[in-house]
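Visitor: Predicted structure and sequence below. I'll ask about it afterward.
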Amino acid sequence: MDSRVHFLIIGAILGASLVAAPPASGQDLESWELGIKYPGEDPTNSFVLSDVGSTKVEFFIENSGLTEITVQFEYNIPFGGSHDGPEEESISSGSNETFDLSISGIDVLSQDAEKKEKFSITATITSRQGIPDPLASSQNREGDLEIPPIFDLDVDISEPFGPMNAGSDTILTVTVRNNGNTQDGVAEVDVRDDCPLLTTDSGLDALMTGNIDSGKSKDAELRVTASESHPKRHCDITVSVTSKRNGASGASEDEVRLTVEPPPTGDQGSGGQVNDVSEAEDSIESNLPAPGLSVLCVGLLAALAYTNRIES
């Protein structure tokens, strides 16, 4: 065979083998993508945590290459949170797989409202078509976690020092504390009681002035007056407040029981004085010496004097 023809045959065989070989080119190595499904499909939008410090993040791997890939995942969660997500997944050629990352365990009350920090997901290819990939190419995506505003007002009424008399008044201290993680205030105050002859003043209006910072409290005094004709009875007093920023959803209330006693009567007072006087007189009389012996002595002396007069 002519050497020139032989050379052409060998070249054709080599060319065919190159065409049939798997395309392990750089283009095929990068034909996959890690992505996050952001709220509103906008990467600038945050994942806002719930009131219990949790949320769910959806992410995906798109494999547009010609070989199956096995991907290992790593997660970085801020605010000391924990996570639950896949550790390793295989994605077939030409497919798109979606996964869930659950974030939880974040103490939102210990953080300022609307504070943001980034979380991240890292995907690394460990093998292709079951064969370890020495290049271990990886991709990383980030998103914002946002602390939600927590509105939590708590109202507390001080306990009365004791029963109050009809016709008198007493003071109860009402305290509103902001247990949320952002500034709030009292929008409305409502005072109720179940005794028709009991009245309360508007001293709690002071609670509605200004705002209350997170972790702080505000006090006001509630004056309670019982009518002179008020019968002996237990009266339940309830104070409720609503949030300036959360309305009725941020309402809180507390209740205290107040006992009303009849007023002391004048007869009881004078009777007590009479008893005191009689007791004093009894005491004075009991301190005098017993009259029996002195009377006897006087009688004997008188008898002797009378006898001597007769004899003389």
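Guide: Sure, I can see it. Numbering: from 1, shown residues only.

Visitor: Thr259 - how many residues pack around it?
Guide: When counting by other CB atoms under 10 Å, one arrives at 12 neighbours for Thr259. C-beta here means a position set from N, CA and C on the backbone, and glycine is covered the same way.

Visitor: any idea which element it lies in?
Guide: Using DSSP states H and E, Thr259 sits within strand 247-261.

Visitor: partners of that strand in the sheet?
Guide: strand 164-165 (parallel), strand 233-243 (antiparallel) (DSSP bridges).

Visitor: What residues sit buried inside the longest one?
Guide: Put plainly, it is strand 233-243. Under the neighbour-count criterion of 16 or more other CB atoms under 10 Å, strand 233-243 has Cys235, Ile237, Val239, Ser240, Val241, Thr242, Ser243 buried.

Visitor: Once you drop chain neighbours, what's closest to the second one?
Guide: The spatial neighbour of Ile237 that comes closest, neighbours along the chain excluded (CB to CB, 6 or more residues apart in numbering), is Asp193 at 4.7 Å.

Visitor: tell me which helix or strand of the chain sits lowest on mean pLDDT?
Guide: Every helix and strand in the chain was compared by mean pLDDT, DSSP states H and E; the lowest is helix 3-20, with a mean of 40.

Visitor: residues in contact with stretch 207-223?
Guide: With contacts defined as CB atoms under 8 Å, 6 or more residues apart in numbering, stretch 207-223 is touched by 112, 153, 157, 169-189, 191, 200-201, 203-206, 237, 239, 241, 244.

Visitor: Look at stretch 233-252 and report the distance between its end residues.
Guide: Its start and end residues considered, stretch 233-252 measures 26 Å (CA to CA, to the nearest Å).

Visitor: gap between that stretch and the chain center?
Guide: Computed by CA atoms, centre = their mean, to the nearest Å, the chain-centroid distance of stretch 233-252 equals 16 Å.

Visitor: just to revisit the earlier point, count the neighbours of the residue nearest to Ile237 for me.
Guide: Counted with other CB under 10 Å, residues neighbouring Asp193 total 18.

Visitor: For Asp152, see how far away it is.
Guide: From Asp193 across to Asp152, the span is 26 Å (CB to CB, to the nearest Å).

Visitor: hey, where'd the helices end up in the stretch 1-150 of the chain?
Guide: Assigned by DSSP state H, counting those that start in this stretch, the helices in the stretch 1-150 of the chain fall at 3-20, 26-29.

Visitor: Check the stretch 151-300 of the chain too.
Guide: With DSSP H, counting those that start in this stretch as the criterion, the stretch 151-300 of the chain has helices at 266-287, 292-311.

Visitor: any idea which of those scores lowest on pLDDT?
Guide: Among these, helix 266-287 carries the lowest mean pLDDT, at a mean of 42.

Visitor: need the contact list for the residue positioned nearest the centre of the chain.
Guide: Nearest to the mean C-alpha position of the chain, by CA atoms, centre = their mean, lies Asn179 at 5.6 Å. Going by CB under 8 Å, 6+ apart, Asn179 touches Leu109, Asp152, Leu153, Asp154, Gly215.

Visitor: what ranges do the strands span in the stretch 101-250 of the chain?
Guide: 116-128, 131-132, 138-146, 153-157, 164-165, 169-178, 186-193, 198-200, 217-226, 233-243, 247-261 (DSSP state E, counting those that start in this stretch).

Visitor: check contacts around Val108.
Guide: Counting by CB under 8 Å, 6+ apart, Val108 makes contact with Leu49, Asp51, Val52, Gly53, Ile147, Pro148, Ile150, Asn181.

Visitor: Between which two of these is the distance greatest?
Guide: Maximum pairwise distance among these (CB to CB): 13.1 Å, between Val52 and Asn181.

Visitor: Looking only at neighbour counts, state which of those two leads.
Guide: Each of Val52 and Asn181 has its neighbours counted (other CB under 10 Å); Asn181 has more, 23 against 11.

Visitor: Surely that one touches Ile106?
Guide: No: Asn181 lies out of contact with Ile106 (CB atoms under 8 Å); the separation is 11.8 Å.

Visitor: Please consider this matter closed, and thank you.
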